[in-house]
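**Student:** sequence first, predicted coordinates after that:
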Amino acid sequence: MRIDIVTIFPEFFRVLDVSLLGKARTSGLLDVRAHDLRDHAHDRHRTVDDTPYGGGAGMVMKPEPWGEALDGILDEAAAAGGPGPTLIVPSPAGEPFRQPIAAELAQLDHLVFACGRYEGIDQRVVDHYDERMPVRLLSLGDYVLNGGEVAAMAMVEAIGRLVPGVVGNPESLVEESHQDGLLEYPSYTKPQVWRGLEVPDVLRSGNHGAVAAWRHEQRIERTRRVRPDLLGDDDA
Ligand code: SAM
């Protein structure tokens, strides 16, 4: 999978060199490239923002640098002849980014992330590219970050680990939280007793049926307690 990230802080994405995603990059499973939006701002100060039409606090990202940066990525993708990319715009005003969306995006060959800053990106950028490629506005959660970089990073990790081969043992992706709408059961390892706290007997019983039943109960109990909304509880 190829992932292009357009940002005014490309250095932010150096962290993708470590751990499983770093290995996936080295092995060629993930081709992640961070692009500096300011390379597409041609005034002396490499300006990427301006005051908002209609007034108000804060600055808005200008459309021209975005147009040049995204056209360059689209042109290169077209020249390579592969399937066209999908544009992801992290935004607190987007649809919630959830596991099914991560799984859907992990099927694609090419994603482009547009990381906003300030009050966000001039709306015409989304409107224009919406005519040329699939565009998704995705929110990490109901809070406001300073920029799209942290959101893009979280999404790249959630999507990237679902790309076949990135996580060594695919079994470990099956019973995770959110995979089927429930949270995961609690996990334990050795020692059997730690600071007076014992591992539940059933996990040491060797009875696979009992272990599976206990884990299922734990998933339901935990989901009901922490995230009743996932069980369709309207009062949540
Ligand atoms: N004025 C915008 C609003 O109220 O919707 C918030 C702009 S925020 C300060 C700057 C950038 O951070 C956004 O353009 C977006 O890229 C990113 N961002 C902030 N919160 C986010 C969230 N919850 N999910 C995804 N991206 C977010």
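**Tutor:** Looks like it arrived, so ask away. Numbers count the residues shown, from 1 in each chain.
**Student:** for the residue most central in space within the chain, list the residues it contacts.
**Tutor:** By C-alpha atoms, centre = their mean, the mean C-alpha position of the chain lies nearest to M155, the distance being 0.6 Å. By C-beta atoms under 8 Å, 6 or more residues apart in numbering, the contact set of M155 is I88, P90, F97, A102, L105, F113, L138, L140. C-beta coordinates here come from the backbone N, C-alpha and C atoms, glycine included.
**Student:** what's the answer for Y118, then?
**Tutor:** Contacts for Y118 (C-beta under 8 Å, 6+ apart) come out as D49, G58, M59, V60, M61.
**Student:** keep only those of those that are in strands.
**Tutor:** When strands are assigned by DSSP state E, the members of the contacts of Y118 inside them are D49, V60, M61.
**Student:** out of those residues, who has the most neighbours?
**Tutor:** Highest neighbour count within the ones in strands among the contacts of Y118, by other C-beta atoms under 10 Å: M61, with 22 neighbours.
**Student:** contacting residues for it?
**Tutor:** L37, V48, D49, G116, R117, Y118, G120, I121, D122, V125.
**Student:** ok, of those residues, which one's closest to V167?
**Tutor:** Distance to V167 across the contacts of M61 (C-beta to C-beta) is lowest for G116, with 29.6 Å.
**Student:** can you say which helix or strand has that closest one in it?
**Tutor:** Using DSSP states H and E, G116 sits in no helix or strand.
**Student:** burial count for it?
**Tutor:** 27.
**Student:** follow-up on the earlier one: with pLDDT and distance to the ligand as added columns, please give the contacts of Y118 in JSON lines.
**Tutor:** Shown next, in JSON lines, are these (pLDDT from 0 to 100; distance: C-beta to the nearest ligand atom, whole Å):
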{"residue": "D49", "pLDDT": "98", "distance to the ligand": "11"}
{"residue": "G58", "pLDDT": "97", "distance to the ligand": "7"}
{"residue": "M59", "pLDDT": "98", "distance to the ligand": "10"}
{"residue": "V60", "pLDDT": "98", "distance to the ligand": "9"}
{"residue": "M61", "pLDDT": "98", "distance to the ligand": "8"}
